[in-house]
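S.K.: predicted model and sequence follow; I will ask about them next.
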Amino acid sequence: MCSPYLDDIQTTKMPGIVNDYNPAIHTTRLERLLRDREIRRSSRSYSSNEDARDANRDIDIHRNRNNIYLSDADKRSGDEELLDGIAESKTLHDGCEKKDGWPSKQRLLVVANRLPVAAVRTGEDSWQLEISAGGLVSALLGVNEFETRWIGWAGVNVPDEVGQRSLTEALAEKRCIPVFLDEEVVHQYYNGYCNNILWPLFHYLGLPQEDRLATTRSFQSQFSAYKKANQLFADVVNEHYEEGDVVWCHDYHLMFLPKYLKKYNMQMKVGWFLHTPFPSSEIHRTLPSRSKLLRSVLAADLVGFHTYDYARHFVSACTRILGLEGTPEGVEDQGKLTRVAAFPIGIDSSRFIRALELPEVKDHIRELKERFAGRKVMLGVDRLDMIKGIPQKILAFEKFLEENPVWQDKVVLLQIAVPTRTDVPEYQKLTCQVHEIVGRINGRFGTLTAVPIHHLDRSLDFHALCALYAVTDVALVTSLRDGMNLVSYEFVACQAEKKGVLILSEFAGAAQSLGAGAILVNPWNITEVAASIGYALTMPADEREKRHQHNFMHITTHTSQEWAGTFVSELNDTIVEAQLRTRQIPPLLPTRVAVERYLQSKNRLLILGFNATLTEPVDTPGRRIDQFKEMEVKLHPDLKEPLNKLCNDPKTTVVILSGSDRKVLDENFGEYNLWLAAEHGMFLRRTKGDWMTTMPENLHMDWVDSVKHVFEYFTERTPRSHFELRRTSLVWNYKHADVEFGRLQAKDLLQHLWTGPISNASVDVVQGGRSVEVRAVGVTKGAAIDRILGEIVHSNDVKAPIDYVLCVGHFLPKDEDIYTFFEPELPVGGATTSRAKISKPRNQTASKISAQKSSFRPFVQKAPQTFSSSEKKTTSNGNGHWWSMMRDRLTVHEGSSVLDLKGENYFSCAVGRKRSSARYLLGSPADVVSLLKELADSLSQS
Ligand SMILES: O=P(O)(O)OC[C@H]1O[C@H](O[C@H]2O[C@H](CO)[C@@H](O)[C@H](O)[C@H]2O)[C@H](O)[C@@H](O)[C@@H]1O
Ligand SMILES: O=c1ccn([C@@H]2O[C@H](COP(=O)(O)OP(=O)(O)O)[C@@H](O)[C@H]2O)c(=O)[nH]1
């Protein structure tokens, strides 16, 4: 395995570094990531020194701060050079072998719609490869720390076998692996779903404005083609995947890829990175396939964005649209975490800096200076895309000329507009629109010898581009939205001499990193952009210098290498973290064993929760959760028969132990022969008898009214929240409210409670996923259970000691004390409350509790009760003392044993939770239904 870490926790040795890297030792995530960063940096500097020595290069230039060397290779550098670079990958140690104790490079499969090269067919089996345009390609080409393979579409339709074979061979030399997509798929997937639907939507442009109906009609077929194309990518990745590889999926073209890859192999390390913005959830939710796309992306281990805002929007879409839990770490779904974070991309800055020293670039620079002598040069470099705000830029330039006639023959705007996605009608329209505006302005302000705008509908080679960047006085980036915008980085890299000004749209991701050095503008505000042009053209030299230094420092330290290294390192660590987490997750309930033991025992106790344990599902597959149904929980219909059988078995006692109030339990379980324990066990009745209270005497409830006021206040101000007033607790529930707003309100509510009504009260505040509950101290399921047991024994329901306990529920952490109450294998005298409850002789494996005559009273509704001050103190201390007193009374006065439980006959089981102190897990109420069915069936077979 190439990774320096992972499950087998291997140790990597580095020259000059005492390497004790071991995730088990570096326990926190931050420690591990810092350590990894240190290793990467040392490795990089070692690697570049080795490179320099190996090649025996003369150092032409040595810029002290960045240690940038100009190599012979760079002297003939350009697009061609870069193409060769893809193949070389400048690898120190090919494959996974180690040299001099150095770790081998990690194999990285970069999967993107576009390969770094586009193929042009020159004969039946001959191909010419050209470098692809766009930020994604230029950034990733700068990454040479890994043993990289590219997997993607070569931008050409190759229907014949000879062509496919020869192209595969030609690409293999560049370490590229093609995915062949036929014309129809490309049309529907790339032109259609990717560039006509997702691209505008993710850039806040909505769906195409014209012919909305046609778009809606073709939506389904485009979506199917999108999934099909993603599957084709997954097939190729799977074919080339080797154990230990990191698979890095890129961009909005491949949102289904993580899901398809994990279907092939759950162990695959999969990361997904989005190069565009991720829009506000309000935009994303308009997309018909919104949930499927999110879910598929969430199959990845790590999901990355350029900025924190995009990451925040994504998490928010997952919470609002999918109803999942958003945490500071990412998105959690039933205990499975998908890490979500920001990884701002960078450029290979040294490549640009070095290029400026090349003779051909110097020649270009000289020519350009001569050509535009006496005029200031303004520059725009964009793909001809509606997100780049090219019309807005040109209109702002027009306004500037209009308002500043003295500048009319003293400034020129060079606009490089690289053709892109030319098969998409919106892009064709944009080309015409831009031509029209440029023509009009040049007609208006041009002379016989000069025009104010030079507009080029073509791309430039690398050297020409660097020269242009270098002679520019003001670069103008007016994107309406832009994932990052690397042109702004490249401009800064080439400005060490001139220290020109960058005018940058606040809607480009780059504004978050270069904002301090640039002049930020709102591209929609033509007046503001025009004024900024004037400001930039006349900016004093010292201000330009300072602004430039700020940005230069950023782009030379936040490079594409750093970006990729950090992403892969976090991805590796996410796997380590997931493994550490998995170790803490209890195993699934061994149903067969639980049933066997049940049959073999003489006196069984089944304690079952109600909500999210025995309740019917409230969402129909493919449909949203039905709020109306969820507000009125019902017993799962499939449980009727098995529950009846179990309740009528003379050797089985069934207790429903729930937080719900008595009415809810009456309605759902009135017809069964069992015990009902409502409000966390504070009220108890056998279905044949009346409710009685098991509340401790003098329970202090004088806080209720003031808490109620607070709950009312927040319910009024939080749409779709509600609260329940129970006898011993109050619950404010915001499950159906806006998640984020609900959470903020909950925070605020807690603040109010702590500083006001409950600051001195004997209460526990229990925070659920989407609820806040205030209870009298001592109201927990575990705390109630021995009183319940005592009552059951006293009522003569239990005739022999209980030798089998199955306790199943979706309980809040506070109520999980129920699991430890019965735990036979906890040592006596442990630190926790629950351990104190069990009287267990040291050398025996069984727990024994003896019954006392019940001290319970039939329930009579009374005015709020109070504790005596001494008792109040005891309970607020965590109630251990009270329980041990109770247990002592049970044991000493009666002496008859009611619980004789061996470890192997105890099954505590959390439903739908992964972090639990229960011994086992069950996934959902459906699994509980199957379990109870099996128990019931076993009765008829015995
Ligand atoms: O492949 P094309 O359809 O021709 O488009 C070219 C690329 O455009 C997008 O680039 C984005 O990535 C840049 C680097 O992260 C970022 O700076 C820029 O803001 C984005 O627009 C697109 O996301 C890529 O997939 C395309 O290859
Ligand atoms: O004639 C050109 C003009 C631009 N670019 C490159 O295209 C990329 C544009 O990236 P950016 O992030 O600015 O935007 P994108 O086009 O990816 O949306 C930059 O690396 C440019 O160097 C290019 O290769 N040839």
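M.R.: The structure has been received and is ready for your questions. Numbers count the residues shown, from 1 in each chain. Ligands and ions are numbered 1, 2, ... in the order given.
S.K.: near ligand 1, which residues of the protein?
M.R.: Counting by CB under 6 Å from any ligand atom, the chain comes close to ligand 1 at 114, 134-136, 139, 251, 275-276, 345, 420-421, 482-486. (Glycine included, C-beta is placed from N, CA and C.)
S.K.: near ligand 2 too, which of those residues?
M.R.: Gly134, Gly135, Leu136, Met484, Asn485, Leu486.
S.K.: just for the protein, where's the confidence low?
M.R.: For the chain, the stretches flagged by pLDDT under 70 are 1-27, 43-104, 133-134, 208-217, 618-631, 698, 796-798, 826-897.
S.K.: who is the residue nearest the centre of it paired with across the strands?
M.R.: In the chain, the C-alpha nearest the mean C-alpha coordinate belongs to Val340, at 3.2 Å (CA atoms, centre = their mean). Counting by DSSP bridges, Val340 forms beta bridges with Val303.
S.K.: what residues are up against it?
M.R.: Under the criterion of CB atoms under 8 Å, 6 or more residues apart in numbering, the neighbours of Val340 are Leu302, Val303, Gly304, Phe305, Ala311, Phe314, Val315, Glu329, Gly330, Val331.
S.K.: kindly recompute the last result at 7 Å.
M.R.: Counting by CB atoms under 7 Å, 6 or more residues apart in numbering, Val340 touches Val303, Ala311, Phe314, Val315, Gly330, Val331.
S.K.: do Trp407 as well
M.R.: Leu401.
S.K.: that older thread, okay, the ones next to ligand 2 among the residues of the chain next to ligand 1 in TSV with secondary structure and neighbour count next?
M.R.: Putting these into TSV (DSSP: H, G, I helix; E, B strand; the rest coil; neighbours: other CB atoms under 10 Å) gives the following:
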residue	secondary structure	neighbour count
Gly134	coil	16
Gly135	helix	20
Leu136	helix	23
Met484	coil	28
Asn485	coil	26
Leu486	helix	25
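S.K.: pick the one among the residues you listed closest to Asn648.
M.R.: For these, the minimum distance to Asn648 (CB to CB) is 66.5 Å, reached by Leu136.
S.K.: list the residues that contact that closest one.
M.R.: Ala112, His250, Asp251, His275.
S.K.: the first one should be in a strand, yeah?
M.R.: Yes. The assignment for Ala112 by DSSP: H, G, I helix; E, B strand; the rest coil puts it in a strand.
S.K.: run a quick neighbour tally on it.
M.R.: For Ala112, the tally of surrounding residues (other CB atoms under 10 Å) stands at 24.
S.K.: quick one: it from Asp423, how far?
M.R.: Per CB to CB, to the nearest Å, Ala112 is found 19 Å from Asp423.
S.K.: next: the last one.
M.R.: Look at His275 and Asp423: by CB to CB, they are 21 Å apart.
S.K.: so the two - more neighbours on which side?
M.R.: More crowded of His275 and Asp423, by other CB under 10 Å: His275, with 23 against 12.
S.K.: that one and Gly483 touch, don't they?
M.R.: Yes. When contacts are counted by CB atoms under 7 Å, His275 is listed as touching Gly483 (4.7 Å).
S.K.: if we can go back for a sec, which among the residues of the chain next to ligand 1 gets closest to ligand 2?
M.R.: Of all the residues of the chain next to ligand 1, the one sitting nearest ligand 2 is Gly135; the distance, using CB to the nearest ligand atom, is 2.4 Å.
S.K.: quick one: buried residues of the helix ranked longest in the chain?
M.R.: Secondary structure assigned by DSSP state H gives helix 212-240 as the longest helix of the chain. Going by neighbour count (16 or more other CB atoms under 10 Å), the buried part of helix 212-240 is 215, 218-219, 222-223, 225-227, 229-230, 232-234, 236-237.
S.K.: how about stretch 105-114?
M.R.: Quick answer for stretch 105-114 (16+ other CB under 10 Å): Lys105, Gln106, Arg107, Leu108, Leu109, Val110, Val111, Ala112, Asn113, Arg114.
S.K.: what packs against whichever strand or helix holds the fifth one?
M.R.: For Leu109, the element it lies in under DSSP states H and E is strand 107-114. For strand 107-114, the contact count by 3 or more CB pairs under 7 Å, 6 or more residues apart in numbering; DSSP states H and E identifies helix 135-141, strand 147-153, helix 212-240, strand 246-250 as packing neighbours.
S.K.: the third one packs against which elements?
M.R.: Judged by 3+ CB pairs under 7 Å, 6+ apart, the packing partners of helix 212-240 are strand 107-114, strand 147-153, helix 183-185, helix 257-264.
S.K.: tell me the strands beside the first one, with direction?
M.R.: Pairing partners of strand 107-114, with direction, according to DSSP bridges: strand 147-153 (parallel), strand 246-250 (parallel).
S.K.: now the next helix or strand after the longest one against strand 147-153, angle please.
M.R.: Okay, so that is strand 147-153. Sequence-wise, the next helix or strand downstream of strand 147-153 (DSSP H and E) is helix 161-172. Counting by axes from the mean of the first three to the mean of the last three CA atoms, to 10 degrees, helix 161-172 lies at 150 degrees to strand 147-153.
S.K.: so what's the gap between the helix or strand following helix 161-172 and the chain middle?
M.R.: Once the chain leaves helix 161-172, the next helix or strand it forms, by DSSP H and E, is strand 176-178. Put simply, strand 176-178 sits 29 Å off its chain's centre (CA atoms, centre = their mean, to the nearest Å).
S.K.: got the buried residues for strand 176-178?
M.R.: Quick answer for strand 176-178 (16+ other CB under 10 Å): Cys176, Ile177, Pro178.
S.K.: my guess is the last one contacts Leu171, does it?
M.R.: Yes. Checked against CB under 7 Å, the pair Pro178 and Leu171 is within contact range at 5.5 Å.
S.K.: show me whatever sits in contact with both of those two.
M.R.: Ala154.
S.K.: what's near enough to touch the residue in the stretch 801-942 of the chain positioned nearest to ligand 1?
M.R.: Here the stretch 801-942 of the chain gets closest to ligand 1 at one residue, Lys914, 34.7 Å apart by CB to the nearest ligand atom. Applying CB under 7 Å, 6+ apart, we find Lys914 in contact with Gln334, Gly335, Ile585, Leu921.
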